[in-house]
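Q: Need a 3D model of the sequence below.
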Amino acid sequence: MHILVVGGGVSGPAAALALKRAGHDVELFDRVLDFLDTPGGLNIHENGLRVLKRLGLLDAVVRAGSVCDSFEMRKINGDPVASFPTSRSGDLVQINILRTTLSRILTNTLIQEGVYVHANKQLIGIEQPTDGSLGVRAKFHDGSVAVGDILIGADGVHSGVRQCLFPDRKPSKYGIVGYFGIVDLDPSTINWTSHGHHFFTDNVSAKSGMVMRVSDTQLCWLLFELKQSEINLDSWKPQLDIRKDRATSAEMAWRWGLPDVFQPMILGAKEILPLTIYDLETLPHWSKQNCVLVGSAKHAMVPFLGQTCGVGLEDAEVLAALISRFPGDPRKAFHLYQEARYQRVKKIAEAARVQGKRQYSTTPFSARMGQLVMKFVSATSGSLASEEIVEYDGHEAVTEILLGTATYSPTQHTLIPNPLEFGFFCIRWAIHFRPPLQLATFTSTSV
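A: Model prediction:
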């Protein structure tokens with residue numbers, strides 16, 4: 001089949017690569033002129049790494065990114081709250097990487113293997129046969145048209161493909177706004193040795209900072225705020241001058257009470273960009289005739305479980321396998337793809353929203369209860385990662401759906417128990433039974 005893939009982020013190129021290797025003729029389109037320069041930091045957990053390993057890209061991703069060995073929860077001033085390992089099995093450990101870097105690895109591999117990659121192609125329309133036969137025409141803003149047998153929409157939360165297929169389904173602002181920055185690790189100004197993912201938060205004011213390595217030589221940082229009321233986007237617009245962006249962000253970090261180590265990271269940033277989080281309820285239908293959606297085009301996930309990338313890679317692997325299994329009947333493949341994936345995707349998206357709400361509190365008392373629960377979870381379960389999430393295997397899911405033996409048990413997301421339910425128990429445990437926590441002391445000059 002001739003397959004058109006719209007979207008050059010992560011799930012689109014992954015699906016394109018798997019389909020090309022299965023013998024299909026594939027073209028990839030993206031609306032950005034240079035979509036290898038799309039900013040952002042990604043967490044890739046075991047489930048996503050498993051897909052990259054089967055694509056033969058794991059070693060390249062590990063070399064280009066940074067192995068993340070822990071998730072560190074801290075108060076806004078840097079005081080430790082809880083520490084969690086990022087892997088239960090030890091087999092595949094979380095990788096943090098720039099979205100730019102992962103896109104480059106995927107896209108360069110596509111080009112090397114003969115996939116046509118088209119940039120600066122903004123989709124404006126889709127035409128499909130009225131007689132129910134195979135075929136699709138994709139129309140772009142420059143007047144060009146691409147013709148294929150089927151089309152895969154992998155163009156993210158603001159998907160043009162979704163807009164064409166299901167125009168009433170639109171994303172909404174989640175309420176998080178902030179700044180994202182990238183800085184080179186300069187030992188003379190930034191003394192940061194940790195390979196953990198550090199999350200600093202004021203649970204009551206709902207202001208947070210985050211720092212993680214994204215390669216051996218680079219860090220990314222975030223400053224973000226949860227605003228329940230109407231967001232004044234004007235106050236978060238970036239300046240045209242990077243020096244003003246640095247000054248604005250540095251002053252914000254100081255005002256919020258973040259540790260001094262944020263200052264050289266912000267003032268040394270080579271790029272600062274605005275951050276706005278969108279949410280999208282999982283669509284009830286993922287395909288229409290000869291077109292199908294993957295990744296954030298059909299479900300935008302808020303970032304509190306770090307599964308946006310992993311779930312998108314899972315989508316790509318399962319869809320590509322089913323299309324290749326039924327090359328003469330892609331609609332059957334689309335149906336089985338949604339049947340195999342729907343409950344898992346919906347449950348993870350819902351759990352991420354719940355996790356986000358539990359990050360913040362309305363009173364200092366409830367914030368303290370939440371911190372005690374974090375300490376309890378850290379000392380007893382050892383990991384924030386749900387086994388059901390990270391141990392997922394797309395190959396097994398495809399086999400089960402083909403054999404008719406797929407049984408999805410709704411994920412029991414007990415990552416952070418409700419403080420109202422567990423608060424008093426945690427107080428008693430914290431006073432009488434808590435074993436010593438192995439948390440590194442944080443200073444303003446070294447982590």
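
Q: any chance you could map the helices in the stretch 251-400 of the chain?
A: 262-267, 308-325, 330-358, 364-380, 387-390, 394-403 (DSSP state H, counting those that start in this stretch).

Q: buried stuff in the third one?
A: Residues 330-331, 333-338, 340-353, 355-356, 358 are the ones in helix 330-358 that count as buried (16 or more other Cβ atoms under 10 Å). In this view, the C-beta of every residue, glycine as well, is placed from N, C-alpha and C.

Q: Surely Phe334 touches Val292?
A: Yes: Phe334 lies in contact with Val292 (Cβ atoms under 8 Å); the separation is 4.7 Å.

Q: what secondary structure does the closest residue to Pro364 other than its chain neighbours sit in?
A: Leaving aside its sequence neighbours, Pro364 sits nearest to Val204 (Cβ to Cβ, 6 or more residues apart in numbering; 5.9 Å). Of the three states, Val204 takes coil according to DSSP: H, G, I helix; E, B strand; the rest coil.

Q: Quick check: Val204 vs Glu251, distance?
A: Between Val204 and Glu251 the computed distance is 21 Å (Cβ to Cβ, to the nearest Å).

Q: how big is the angle separating the top strand by length along the chain from helix 330-358?
A: Secondary structure assigned by DSSP state E gives strand 172-184 as the longest strand of the chain. Angle, strand 172-184 to helix 330-358, by axes from the mean of the first three to the mean of the last three Cα atoms, to 10 degrees: 80 degrees.

Q: Rounded mean pLDDT for strand 172-184, please.
A: For strand 172-184, mean pLDDT rounds to 85.

Q: now that strand, how far from the centre of its chain.
A: Mean C-alpha position of strand 172-184 versus that of the full chain (Cα atoms, centre = their mean, to the nearest Å) differs by 13 Å.

Q: Can you list the helices and strands that that strand packs against?
A: Counting contacts by 3 or more Cβ pairs under 8 Å, 6 or more residues apart in numbering; DSSP states H and E, strand 172-184 is packed against strand 218-226, helix 242-256, helix 262-267, strand 271-279.

Q: returning to that earlier point: name all residues that sit in contact with Phe334 and Val292 at the same time.
A: Common neighbours of Phe334 and Val292, using Cβ atoms under 8 Å, 6 or more residues apart in numbering, are Trp286, Leu319.

Q: Show me the beta-bridge partners of Val5.
A: Leu28, Ile152 (DSSP bridges).

Q: pLDDT below threshold where in the stretch 151-300 of the chain?
A: 227-240 (pLDDT under 70).

Q: pretty sure Glu271 contacts Asp184?
A: No: between Glu271 and Asp184 there is no contact under Cβ under 8 Å: 10.6 Å.

Q: Tell me the gap between stretch 281-291 and the middle of its chain.
A: 21 Å.

Q: just to revisit the earlier point, may I see the helices of the stretch 251-400 of the chain organised as a markdown table, with distance to Ile126 added?
A: Formatted as a markdown table, the helices of the stretch 251-400 of the chain follow (distance: least, Cβ to Cβ, whole Å):
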| stretch | distance to Ile126 |
| --- | --- |
| helix 262-267 | 43 |
| helix 308-325 | 18 |
| helix 330-358 | 15 |
| helix 364-380 | 46 |
| helix 387-390 | 33 |
| helix 394-403 | 27 |
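
Q: Ranked by average pLDDT, which of those falls at the bottom?
A: Minimum mean pLDDT among those: helix 364-380, a mean of 68.

Q: OK, contacts around the residue nearest the centre of the chain?
A: When the chain is reduced to its mean C-alpha position, the closest residue under Cα atoms, centre = their mean turns out to be Thr308, at 2.9 Å. Applying Cβ under 8 Å, 6+ apart to Thr308 gives the contacts Leu42, Ser296, Met301.

Q: Three-state assignment for the first one, please.
A: In terms of secondary structure, Leu42 is strand; the call rests on three-state DSSP.

Q: quick one: contacts for the closest residue to it other than its chain neighbours?
A: Nearest residue to Leu42, sequence neighbours excluded (Cβ to Cβ, 6+ apart): Cys309, at 4.7 Å. Applying Cβ under 8 Å, 6+ apart to Cys309 gives the contacts Val10, Leu42, Asn43, Ile44, Gly48, Leu102.

Q: The same query, at a cut-off of 10 Å, please.
A: By Cβ atoms under 10 Å, 6 or more residues apart in numbering, the residues touching Cys309 are 9-11, 14, 40, 42-45, 47-49, 51-52, 95, 97, 99, 102, 295-296, 301, 303.

Q: ok so, going back, tilt between the longest strand of the chain and helix 242-256?
A: Going by the same axes, to 10 degrees, strand 172-184 makes 110 degrees with helix 242-256.

Q: circling back: among Val204 and Glu251, which residue is more densely surrounded?
A: Val204 (16 against 12; other Cβ atoms under 10 Å).

Q: residue ranges of the helices in the stretch 101-250 of the chain, please?
A: Going by DSSP H, counting those that start in this stretch, the stretch 101-250 of the chain shows helices at 160-165, 242-256.

Q: mind listing what's buried in the first one?
A: The one in question is helix 160-165. Gly160, Val161, Arg162, Gln163, Cys164, Leu165.
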